[in-house]
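Participant: Let me see the structure of the following:
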Amino acid sequence: MSKNKLNLTLPPGSIEPVNVVSPSAVIDTEKQNSEPASASAKRWPPREKPQMTLTPRNTTFNETVSVKSSPVNRHSTLVGKTSIEVLQERLEELGMDDTQRKRMEFFLCQKEKIGELTDDDLEKLGELGAGNGGVVMKVRHLPSGLIMARKLIHLEVKPAIKKQIIRELKVLHECNFAHIVGFYGAFYSDGEISICMEYMDGGSLDLILKKAGRIPESILGTITSAVLKGLSYLRDKHAIMHRDVKPSNILVNSGGEIKICDFGVSGQLIDSMANSFVGT
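Facilitator: Okay, here's the model as predicted:
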């Protein structure tokens, strides 16, 4: 007599023995079942799956990629792309038409070739205008042959102030828009701050008003629209508020472009200029 788990007495022979199969035996059995019927059949190794890795520019099959979910970073999407591709994406974001984008691409490609500016690289061609802010000269960049407008502001400031002004002016490198005068660079030489800008051969709006007299409303509407778009770009993209909008700061060129300039990006320069004028 034997007992089961419920402590019940059972007659002999009522419990059948259970065969315990080891894991290795199960594996051997599966192998035998999976073997081909012919003993001479060739066994092929399992086919390896290609493992893929993604790179910014191409796709190769080398190693496994682990993808983590993370917020989209605008700058991370630019990694691995050429400067032209990045430029085209940024210009498309600004809502410019094809003509404006092509002009901006051309300007930025020229600017990229210029590099750092020095006084020795600039040849004086003539004076474009003068005022309380300084003198504006028409110059030629000798290494590239590019015509620029160079604004000279005489300042007697300490070296630390000079460096701060140049550093603040470098923000202008990021202000690239169809209705903003292009910026090539700035440097300090012989007591003067030089700001090199895009040359606008049509001059300023105040000079045009003196020559042309009354301007038709349709043209004034075009000018107003361009100025408002430029101001909106400065505010929305760079948090810059233009505090000196006037005809002398609205420039035009022979290509029909209308652009604004002198939007006071350097607070230190404004303060230094104010102190200089008070002392004279």
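Participant: Check the secondary structure at E112 for me.
Facilitator: The assignment at E112 comes out as helix when based on DSSP: H, G, I helix; E, B strand; the rest coil.
Participant: For it, give me the pLDDT.
Facilitator: Looking at E112, its pLDDT is 87.
Participant: can you tell me the average pLDDT over stretch 200-218?
Facilitator: 90.
Participant: How about stretch 137-146?
Facilitator: Per-residue scores along stretch 137-146 average to 96.
Participant: now the end-to-end length of that stretch.
Facilitator: 14 Å (CA to CA, to the nearest Å).
Participant: Can you tell me what sits against it?
Facilitator: When contacts are defined by CB atoms under 8 Å, 6 or more residues apart in numbering, stretch 137-146 is touched by residues 110, 113-114, 117, 121-128, 147-152, 184, 196, 199. Using the backbone N, CA and C atoms, a C-beta is placed for each residue, glycine as well.
Participant: May I see the buried residues of stretch 188-201?
Facilitator: Neighbour-count burial for stretch 188-201, counted by 16 or more other CB atoms under 10 Å, picks out 188, 192-200.
Participant: Just the buried residues of the contacts of stretch 137-146.
Facilitator: For the contacts of stretch 137-146, buried by 16+ other CB under 10 Å: 114, 117, 121-122, 128, 148-152, 184, 196, 199.
Participant: can you pull out the helices in the stretch 101-250 of the chain?
Facilitator: Counting by DSSP state H, counting those that start in this stretch, the stretch 101-250 of the chain has helices at residues 159-169, 205-212, 217-238.
Participant: Nearest to I260, out of the ones you listed?
Facilitator: helix 217-238 (4.5 Å; CB to CB).
Participant: Could you name the helices and strands sitting against the closest one?
Facilitator: strand 258-260 (3 or more CB pairs under 8 Å, 6 or more residues apart in numbering; DSSP states H and E).
Participant: Give me the contact list for the strand it packs on.
Facilitator: 178-181, 198, 200, 222-223, 226-227, 230-231, 242, 245, 249-253.
Participant: swap in stretch 149-157?
Facilitator: Outside stretch 149-157, the residues that reach it (CB under 8 Å, 6+ apart) are 122, 128, 133-139, 162, 165, 191-200, 269, 272-273, 276.
Participant: ok, 7 Å please
Facilitator: Applying CB atoms under 7 Å, 6 or more residues apart in numbering, the set of residues contacting stretch 149-157 from outside is 122, 128, 133-139, 191-199, 272-273, 276.
Participant: Flag the shaky bits of the stretch 51-200 of the chain, pLDDT-wise.
Facilitator: For the stretch 51-200 of the chain, the stretches flagged by pLDDT under 70 are 51-95, 131-132.
Participant: Pull the number of nearby residues for V227.
Facilitator: V227 has 19 neighbouring residues, counting by other CB atoms under 10 Å.
Participant: Could you measure from it over to V181?
Facilitator: V227 is 12 Å from V181, where distance means CB to CB, to the nearest Å.
Participant: Ok, G256 next?
Facilitator: For G256, the distance to V181 - CB to CB - is 15 Å.
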